Every structure is written in C-alpha cells, then in structure tokens.
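Asker: sharing a model prediction with you, sequence too.
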Amino acid sequence: IEWPIILSRPIPDNAVIKLIQVSRKRVGERFEWSCSITLDLPDETPKAMVDHASTAGCGIDLGFRLVKEGLRVATLVDTRGKAEHIVLSTQWLNARDYVEILQGDLSNRDTEYWHQIYQCLQKTNLDALEDEVKDRIKDRVNHLLKIGKDKLPLRSMRSIKFFLEKNDCSQSQELMSVLDLLKRWLSSRFKLARQIVNMRQRLLLQRKHLYQNVAIDIARNYSLVRMEDLDLKSLTQVKLKTGEDNELHKQAKKNRTRAALYELISSIKHACAKNNTLLEAMPAAYSSSTCSACGAANIGVTAELHVT
C-alpha cells in the first residue's frame with residue numbers, strides 16, 4: 001500500500017521501524033488521517049553536561065491552579081534565584097468556555113430536532129408501504145426508535161437520512177416529513193459544528209505551541225532540569241486504590257483536562273533530549289514543602305511559592 005505523507009521530521013538511517021499506526025478521526029463534517037511511526041533507536045551515550053552552553057539548573061513543580069492571570073500549570077525556580085510560572089492565559093480559558101457554550105447549543109439543537117423526528121416516526125404507518133421497501137424501511141425505523149429511547153442517535157440519524165433518500169418513501173407523508181426534518185437538521189448544524197471544531201483545534205494548537213516554546217527555552221537556558229515525577233494516572237481515576245471516590249470536584253476535573261500536564265511533560269522531555277540537557281525526575285511527594293537547603297519537609301506548608 002502506498003500513499004503520500006508529510007513527515008514531521010526525517011526518519012534516522014539507523015532506526016528500526018517497530019510499528020506504523022494509521023488512524024482516521026472526524027473533524028466536523030469531514031475526516032482527517034494521521035500516521036504514527038514508532039521507531040527503535042540504538043542506545044547512544046549522552047554528551048556530558050559540560051557540553052551545554054549554560055551551567056545553571058532549575059526545578060519544575062507541576063500542578064494546576066486557577067490564578068488571577070489564568071490557569072497556572074507549573075512553577076519553575078532556578079539556581080540563580082529566578083522564579084516564574086507557566087500559565088494558560090485568561091483569554092485562552094474564556095475561549096474554551098465559549099467553545100463549551102457552543103457545544104451545549106449544538107447538543108440542544110440536536111435534541112430538539114430528534115424529538116420532532118421521533119414523534120413523526122411514531123406516527124408513521126409503515127404497513128401502508130409497498131412490500132418492496134416496507135421490510136427494509138420498517139427494520140431501520142424500528143431500530144432507530146429503539147436506540148433513540150435512551151440516547152441521542154446522531155449516527156443513526158445521518159444513516160437513515162441517506163437510506164430514505166436512496167429508497168422511495170414518497171408513499172408515506174410522515175416519512176417525507178422525517179426526511180425534510182433530517183435535511184434541515186444537518187443543514188443547521190453544519191456551520192456551527194465546523195465553527196466548534198475549528199475553534200477547538202486552534203486552541204489546542206495554541207496550548208501546544210506555548211508548551212513547546214516554554215520547553216525549548218528551558219532546555220536552552222539550563223544544563224540540568226529536575227522535574228516533579230507526578231503520577232498523572234491517579235489524577236484521572238474515578239476510583240482510588242482504596243475504593244473511595246476521587247475527591248476532585250467538577251471544576252478541578254475540567255482544569256485538569258485544560259492543563260494537559262502530559263503534553264507539557266512530553267514537550268520538556270523532547271526539548272531536553274534535543275538540546276543535550278540532563279533531565280531528572282524527582283519524587284512528587286511534598287515537593288512544594290521541602291526545603292532545598294536542608295531537605296526538611298514542612299507538611300503544614302501550602303503549595304504557594306514565596307520568594308525572598
């Protein structure tokens with residue numbers, strides 16, 4: 001199988017291709033294809049830290065919290081005494097809120113149209129159709145009514161629209177009304193769905209570029225980076241290991257998704273490897289309340305940063 005492809009970077013000559021995964025995802029009303037290639041590279045001895053242009057080091061404390069400037073996702077402190085926060089701006093957060101509002105409007109519109117279609121289908125006398133198409137249409141309609149009782153059947157709504165267009169349903173006024181509703185539904189949602197997808201993709205790219213630029217600056221300015229080894233998997237669990245519910249409230253879960261700490265960590269790892277910066281993972285427990293000079297942990301200290 002052959003197809004044209006644009007590589008993000010060239011494949012090294014000494015690499016062994018272990019896996020090629022091709023995937024397709026729906027973006028609005030169209031599909032996008034992507035290809036992920038997993039390589040196996042031979043072990044190479046890393047260059048010494050003295051080869052780096054800088055002799056400074058830094059520590060990165062990961063964790064998301066809403067602050068005045070936006071959503072803080074990490075705090076960086078270096079050996080020169082410099083401290084700074086990595087923040088997703090308030091403007092970016094407001095744009096995400098607006099996308100979620102549009103998504104809610106789209107869901108409400110889909111639900112309203114489905115209620116109208118559902119009522120028309122219930123009133124349809126399928127036995128009055130000709131025998132040629134009666135069985136085929138009857139099976140499709142009954143299946144749609146069955147799954148539509150508990151959830152919104154978006155895919156089935158699209159499917160039956162094309163099915164009714166392909167098969168002659170002009171004998172039933174109710175089915176013609178259903179087909180007209182389906183056409184109006186798809187026409188009304190197309191522009192809004194495309195707007196939502198475009199805005200979401202643009203915001204994800206903005207966050208990705210922010211993290212990549214921050215990671216490059218860190219890797220170029222520091223020869224040693226120590227980053228908190230945060231257990232991201234535990235943050236996503238609905239149930240804890242003890243069987244208790246995860247106590248993250250709704251706003252924290254939403255901010256966890258927006259912060260996308262895995263993407264930030266991956267960007268820093270990639271930038272450090274590319275710029276010959278030594279990256280060390282540090283234990284996450286009490287990292288914000290441990291003294292860097294003596295190593296004593298003050299458990300009662302909060303995670304706020306105070307620099308004198």
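Answerer: Sure thing, it's come through.

Asker: how about the helices in the chain?
Answerer: 90-123, 131-147, 154-166, 173-221, 232-236, 250-259, 261-274 (DSSP state H).

Asker: redo those as JSON lines? Include mean pLDDT and mean neighbour count.
Answerer: All C-beta atoms are positioned from the backbone trio N, CA, C, and that covers glycine. Listed next are those as JSON lines, based on pLDDT from 0 to 100; neighbours: other Cβ atoms under 10 Å:
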{"stretch": "helix 90-123", "mean pLDDT": "91", "mean neighbour count": "14"}
{"stretch": "helix 131-147", "mean pLDDT": "78", "mean neighbour count": "14"}
{"stretch": "helix 154-166", "mean pLDDT": "84", "mean neighbour count": "15"}
{"stretch": "helix 173-221", "mean pLDDT": "90", "mean neighbour count": "16"}
{"stretch": "helix 232-236", "mean pLDDT": "65", "mean neighbour count": "12"}
{"stretch": "helix 250-259", "mean pLDDT": "80", "mean neighbour count": "14"}
{"stretch": "helix 261-274", "mean pLDDT": "90", "mean neighbour count": "18"}
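
Asker: between those helices, which gets nearest to Gln21?
Answerer: Gln21 lies closest to helix 261-274 among these, at 17.2 Å (Cβ to Cβ).

Asker: okay, the angle between that closest one and helix 173-221?
Answerer: Taking axes from the mean of the first three to the mean of the last three Cα atoms, to 10 degrees, one finds helix 261-274 and helix 173-221 inclined to each other by 40 degrees.

Asker: what packs against helix 261-274?
Answerer: The helices and strands touching helix 261-274, judged by 3 or more Cβ pairs under 8 Å, 6 or more residues apart in numbering; DSSP states H and E, are strand 57-67, strand 70-78, helix 173-221, strand 224-229, helix 232-236, strand 278-283.

Asker: possible to save the ones you listed as CSV with distance to Gln122?
Answerer: Formatted as CSV, the helices and strands packed on helix 261-274 follow (distance: least, Cβ to Cβ, whole Å):
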stretch, distance to Gln122
strand 57-67, 47
strand 70-78, 47
helix 173-221, 9
strand 224-229, 57
helix 232-236, 41
strand 278-283, 60
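
Asker: before we move on, back to that, of all the helices of the chain, which lies closest to Lys18?
Answerer: helix 261-274 (18.4 Å).

Asker: can you report how many residues lie near Asn167?
Answerer: 15 (other Cβ atoms under 10 Å).

Asker: need phi/psi at it.
Answerer: Torsion angles at Asn167 (phi, psi; degrees, to the nearest 10) stand at phi -100, psi 150.

Asker: got it, and Leu230?
Answerer: According to degrees, to the nearest 10, Leu230 has phi -80, psi 140.

Asker: that one contacts Ala259, correct?
Answerer: No. Assessed by Cβ atoms under 8 Å, Leu230 is found out of contact with Ala259, at 11.1 Å.

Asker: roughly how far does the closest residue in space to Ala281 that isn't next to it in sequence sit from Asn213?
Answerer: Distances taken as Cβ to Cβ, 6 or more residues apart in numbering place Asp229 nearest to Ala281, at 3.9 Å, with adjacent residues excluded. Here Asp229 is placed at a distance of 23 Å from Asn213 (Cβ to Cβ, to the nearest Å).

Asker: what of Arg96?
Answerer: Taken as Cβ to Cβ, the span from Arg96 to Asn213 is 20 Å.
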